[in-house]
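S.K.: quick one, fold the following:
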Amino acid sequence: MNIENIIKENVCEAIETLYDKKIETKQVQIKQIPKHLEGDYSVITFPFAKLLGKKPNEIAADMAGQLMLQTDILANAVSAGPGFCNLSIGDAYWTNFVKEVLAAESYGQQAANGQTVLVEYSSPNTNKPLHLGHIRNNLLGYATAEILKAAGYDVKKVQIINDRGVHICKSMLAWQKWGNGETPASTGKKGDHLVGHYYVEFEKHFQAEYKVWQETEEGQKAIAHAKTKLAKNRFINKKQLKGIDDETEREKIAESMFEEGFKKYIKGDFCKTVYFNQYSVLGQATKEMLQKWEANDEEVRALWNEMNGWVYDGFKETYEKLGVDFDQLYYESKTYLAGKQLVLDELATEKSIFFKKDDGSTWIDLTDAKLDEKVVLRSDGTSMYITQDLGTASLRFKDFGMDKMVYVVGNEQDYHFKVLFETLKRLGHSFAKNCHHLSYGMVNLTTGRMKSREGTVVDADHLMADVVANVKAESESREKLGDLAETEKIKIWEAVALGALKFYILKVEPKKTMVFDPKQSIDLQGQTGPYIQNAHVRTQSVQRMVVEKGIELVDYSSYQLSDVERDILVLVHELPSTIQKAAQNYNPADIANYMYELAKEFHKFWGHTTILDADNPAATSFRLDMSKAVATALKAAGKLIGMQMPDRM
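M.R.: Below is the predicted model of the structure:
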């Protein structure tokens, strides 16, 4: 039981003893006292004034005296100000707490609460390797799942693999046309990288085709026609025109805005939609391949299976390096029809939440929930992205009967998930009210953004390899691991590198856009993974010295703690409540920043304290066990975010 609960139970007992009134622990309000003030916790007595018919300061004074009589965990209790009873926790509590931490089987873990949570993360397309954005997604998803597990939930990690559609057929068509039969085995490339190469190759040929077409008579007519169809205010920024009184000047600027916007439109949306769907030879071939896939064409399906197999092998290798895992995989190719059937079944009911429009398309009206009308089936009967999500959610409920569902998806899908959750509620799913979108911002490198179509994406494999190389170079320059075998060095370098990567990404609040700096991430100073791992290394180095010197531990029950030792143990004590907070907020940053604060306090202790004090065996014994408790907390917290704690660096 943590100290806050012990205090609350003692306050309840004190009030019953003093005033013959029974209260529940949830009625007791306590808060931590700032470091610069005397005491550790403050009991707020204002809420009891009406119940007990006494002034808050009188209650605080009575409570202080009674608490000192009935519990031995306090060093002092005093009435402080109008309505606060300030408590100082005695050293005996903390020395005993150290022993409890060391005896605990899984410190910080909570008992099972009987609830099942599904966490969906990763969910990549099978036309390219995982990239930096996927790394943030995977780390957030894995850490959130592990935190929820530690908080007592039965957690299932799942993903939906987007293995069908036009984007997949682009890679397949490009390989057919320009691949010359090459395979991962014949090229020595990871399968996901090979398939990703052909996704980029398709885009190169498509852009070349588009460039030629724009100069043809057909192209020029189509572009001119598109220009006449666009509203003249389509690309106008009215704010920039505000304040320009001269009408001629305003029209001139507006025209310039339109022309600039139209150029971008022709390069972007027009190219990707109008040209691809109506004029492009490659676009037509891609759509024909998709139609053959949907018709179960034997040759197309065989190629699809082979190339997806290459990608899955590549993904597996990347996931293993990154240290993430899954309990169940769902494939869009197997679930996409489930959503369509769900809509059709609901549409056939008397009070369906869906309705048809004149063109035959099917919609849901969510305007009363401050959302829009949303199409769920096109007029040709094909399903939308959200329709597939509805089907997948229903399948998962059949599989797991979950109480909660967490979707780890970028913030560009915020609106999508509002619509999805509202629709699931109206379909009567009990878990819908407990669905949560863990929305996160984009992650960039110091060199800028990434685009996979152009081949400028920074893939996960190369990024991890680069960070490992940086750690290796830094380690060799320090000459700290010279006595270890090369295989042991590699394990340490990889643990430090991946710890650096994971901590650097997870310390940032998910909603924030962030920039990943590979070199800064491995700095031994500051808020970095290696800084935290080095704190753990120090806890282990002093334990090795104990063995080398043959130091025997003695009883330290009566040891008087220093301020920094107390501060360290307060932080170790906070791990269980920090886990609960992180679980409630779906926020791994709570754990990452907790680890930093604990490491910072331990480094301060290390720099100012003689741990092995020959003149004070009790101090030596306590400090050694306290160091073990710090290591226990760092390891337990590190496990939640997938961060290893090496014994040496």
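S.K.: enumerate the positions of the helix or strand containing Leu501 that are buried.
M.R.: Using DSSP states H and E, Leu501 maps to helix 486-506. Residues 489, 492-506 are the ones in helix 486-506 that count as buried (16 or more other CB atoms under 10 Å). Heads up, the C-betas are built off the backbone N, CA and C, glycines and all.
S.K.: same deal with stretch 174-189?
M.R.: By neighbour count on 16+ other CB under 10 Å, the buried set for stretch 174-189 is 174-176, 179, 184, 189.
S.K.: how much space is there between the most centrally placed residue in the chain and Tyr407?
M.R.: Closest residue to the average C-alpha location of the chain: Leu140 at 1.8 Å, with CA atoms, centre = their mean. Counting by CB to CB, to the nearest Å, the gap from Leu140 to Tyr407 is 11 Å.
S.K.: hey, what's in contact with both of the two?
M.R.: Any residue near both Leu140 and Tyr407 by CB atoms under 8 Å, 6 or more residues apart in numbering counts here, and that gives Leu438.
S.K.: who does the helix holding Leu501 touch, helix- and strand-wise?
M.R.: helix 132-150, helix 460-478, strand 514-516, helix 518-521, helix 529-549, helix 589-608 (3 or more CB pairs under 8 Å, 6 or more residues apart in numbering; DSSP states H and E).
S.K.: ok, now with 7 Å
M.R.: Judged by 3 or more CB pairs under 7 Å, 6 or more residues apart in numbering; DSSP states H and E, helix 486-506 is in contact with helix 132-150, helix 460-478, helix 518-521, helix 529-549, helix 589-608.
S.K.: columns mean pLDDT and distance to Glu9 on top of those, output as TSV?
M.R.: Formatted as TSV, those follow (pLDDT from 0 to 100; distance: least, CB to CB, whole Å):
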stretch	mean pLDDT	distance to Glu9
helix 132-150	98	24
helix 460-478	93	48
helix 518-521	86	44
helix 529-549	96	33
helix 589-608	98	25
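S.K.: most tightly packed of those helices?
M.R.: Most buried of the helices and strands packed on helix 486-506 by mean neighbour count (mean count of other CB atoms under 10 Å) is helix 132-150; its value is a mean of 25.
S.K.: tell me the strands beside the next helix or strand after it, with direction?
M.R.: Sequence-wise, the next helix or strand downstream of helix 132-150 (DSSP H and E) is strand 154-161. Each strand paired with strand 154-161, and its direction, by DSSP bridges: strand 116-120 (parallel), strand 328-331 (parallel).
S.K.: nearest to Lys604, out of the ones you listed?
M.R.: Lys604 lies closest to strand 116-120 among these, at 35.9 Å (CB to CB).
S.K.: find the nearest non-adjacent residue to Val554, please.
M.R.: In this structure, Val554 finds its nearest non-sequential neighbour in Pro617, 4.6 Å apart by CB to CB, 6 or more residues apart in numbering.
S.K.: circling back to that earlier point, just the CA atoms of the helix holding Leu501, as PDB, please.
M.R.: Extracted in PDB, the C-alpha atoms of helix 486-506 (Å, rounded to 0.1, in the frame of the first residue of the first chain):
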ATOM      1  CA  GLU A 486      32.700  -7.900 -29.300                       C
ATOM      2  CA  THR A 487      29.400  -9.600 -29.000                       C
ATOM      3  CA  GLU A 488      28.800  -8.100 -25.600                       C
ATOM      4  CA  LYS A 489      29.800  -4.700 -26.800                       C
ATOM      5  CA  ILE A 490      27.300  -4.900 -29.700                       C
ATOM      6  CA  LYS A 491      24.500  -5.800 -27.200                       C
ATOM      7  CA  ILE A 492      25.300  -2.800 -25.100                       C
ATOM      8  CA  TRP A 493      25.600  -0.500 -28.100                       C
ATOM      9  CA  GLU A 494      22.200  -1.600 -29.400                       C
ATOM     10  CA  ALA A 495      20.600  -1.300 -25.900                       C
ATOM     11  CA  VAL A 496      21.900   2.200 -25.500                       C
ATOM     12  CA  ALA A 497      21.000   3.200 -29.100                       C
ATOM     13  CA  LEU A 498      17.500   1.900 -29.000                       C
ATOM     14  CA  GLY A 499      17.100   3.300 -25.400                       C
ATOM     15  CA  ALA A 500      18.200   6.700 -26.800                       C
ATOM     16  CA  LEU A 501      15.700   6.500 -29.700                       C
ATOM     17  CA  LYS A 502      12.800   5.400 -27.500                       C
ATOM     18  CA  PHE A 503      13.300   7.800 -24.700                       C
ATOM     19  CA  TYR A 504      13.800  10.800 -27.000                       C
ATOM     20  CA  ILE A 505      10.600  10.100 -28.800                       C
ATOM     21  CA  LEU A 506       8.500   9.000 -25.800                       C
END
